[in-house]
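J.: mind folding the following:
(2 chains)
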Amino acid sequence: MPRPLCPPEENVLRALHTAFWDKSYHRGTSEVFKGTNISVSRLAILNLSELFRIFHLELDSPPHNRHVVGGGEINIGRLQQIARDFQNPIEITVEEAPTEINPAHAEIPQNITRGLARQIIAALIIHYEQTEEDA
Amino acid sequence: MRELTVEILSDNARRVLGANGLRRLYEFSKYRTGWDAGQGQPLSRGSLSSLEWFLDQLPELSTSEPSLFLTRTGNLQIVFEDHQGKTVEIDFFPDRLEYYFEDGDEESSLPLSDAADFIDRLRRPIA
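T.: A predicted model of the protein is given here:
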């Protein structure tokens, strides 16, 4: 059974892992969005702080390593437009895929190339989580 | 990969990576199999060797202040902007390089043994 599609009006958040995002230079790798079944989370369901808590649960390696440095936000309609305007255009969908730990979880099933990933990354609104180090 | 210290890298490689890159490299060396929600492989020593060799050939890259990343396959990657502000990504495999130039949306790979022309190509816009 096909999964419900998230509407273009919604915004989604992609977790930014230290391995894929260099906070010092505010620079990321295409690995952030490259590939198939890219996980995102719907900001219509959970807010930033709730999602950061989940990202840490899923991606950190406790007790010593805190790998999530932030999140990249993008509007689904904008994401779809970037994919349509790309030189090798594709239709992107964002499909609901809630999990036990993350009811806001969704996936982008299409294959996102390195070049398209770079265009998407350039359009992200980056949210850094305030840490004790920053304070 | 355990007990990585920056002293194992050449002076050129350390200079290009800078303090930020070296700090990130040390952090990546501690990642175990399964990082990134089960998908990540640990840092490949062969990839580190390729990176070091490459940076030794191209010390001018330090002016571009490249960022160091670790891919899910356990390979190191550098990302920087060329003289036009366009992104360049280079992945370091034990035996080859994979690269992407935002300028022209060009993506390809080549064996390390054939990298001389590629390095010359990078050297021109950096200088």
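J.: in chain A, where is pLDDT below threshold?
T.: Counting by pLDDT under 70, the low-confidence segments of chain A come to A:62-65, A:131-135.
J.: list, one by one, the residues from it near chain B.
T.: Counting by C-beta under 8 Å from any C-beta of the partner chain, chain A comes close to chain B at A:17-20, A:22, A:24-25, A:27-31, A:58-59, A:61, A:65, A:67, A:87, A:113-115, A:118. Quick note: C-beta positions are derived from backbone N, CA and C, even for glycine.
J.: change it to 6 Å
T.: Among all residues of chain A, those adjacent to chain B (criterion: C-beta under 6 Å from any C-beta of the partner chain) are A:17, A:19-20, A:22, A:24-25, A:27, A:29, A:31, A:58, A:114-115, A:118.
J.: who touches residue 77 in this structure?
T.: By default, I'm working from chain A. Under the criterion of C-beta atoms under 6 Å, 6 or more residues apart in numbering or on different chains, the contact partners of A:Gly77 comprise A:Pro8.
J.: that's the other chain; I wanted chain B
T.: With contact taken as C-beta under 6 Å, 6+ apart, B:Gln77 is in contact with A:29, B:69, B:71, B:91.
J.: before we move on, back to that, report the two of the residues of chain A next to chain B separated the most.
T.: Based on C-beta to C-beta, the longest span within the residues of chain A next to chain B runs between A:Glu58 and A:Gly115 and measures 27.7 Å.
J.: next, the buried residues of the longest helix anywhere in chain A.
T.: For chain A, the longest helix by residue count, based on DSSP state H, is helix A:48-59. Within helix A:48-59, the residues that qualify as buried by neighbour count (16 or more other C-beta atoms under 10 Å in any protein chain shown) are A:51-52, A:54-55, A:58-59.
J.: so which of these comes closest to A:Glu73?
T.: A:Leu51 (10.0 Å).
J.: which residue sits closest to that closest one, ignoring its sequence neighbours?
T.: Distances taken as C-beta to C-beta, 6 or more residues apart in numbering or on different chains put A:Ser41 closest to A:Leu51, at 5.0 Å, once the chain neighbours are dropped.
J.: give the contact list for the one you found.
T.: A:13, A:51, A:104-105 are the contacts of A:Ser41 under C-beta under 6 Å, 6+ apart.
J.: can you pull out the strands in the chain?
T.: Since you didn't name a chain, this refers to chain A. A:11-17, A:21-22, A:27-28, A:38-42, A:68-75, A:95-96, A:105-108, A:125-128 (DSSP state E).
J.: let me rephrase: I mean chain B.
T.: Read by DSSP E, chain B holds these strands, from start to end of the chain: B:67-70, B:76-81, B:87-92, B:96-101, B:106-111.
J.: okay, those, which one's buried deepest?
T.: strand B:67-70 (a mean of 26; mean count of other C-beta atoms under 10 Å in any protein chain shown).
J.: packing partners of it?
T.: Counting contacts by 3 or more C-beta pairs under 6 Å, 6 or more residues apart in numbering or on different chains; DSSP states H and E, the secondary-structure elements packed against strand B:67-70 are helix B:11-28, strand B:76-81.
J.: closest to A:Glu100 out of the ones you listed?
T.: Nearest to A:Glu100 among these is helix B:11-28 (29.7 Å), distances taken as C-beta to C-beta.
J.: and that closest one, how far out from the chain's middle?
T.: The chain centre lies 10 Å from the centre of helix B:11-28; the measure is C-alpha atoms, centre = their mean, to the nearest Å.
J.: quick one: name the residues of chain B near chain A.
T.: Counting by C-beta under 6 Å from any C-beta, the residues of chain B lying close to chain A are B:20, B:36-37, B:67, B:69-71, B:77, B:79, B:87, B:100, B:102, B:105, B:107.
J.: thank you, goodbye.
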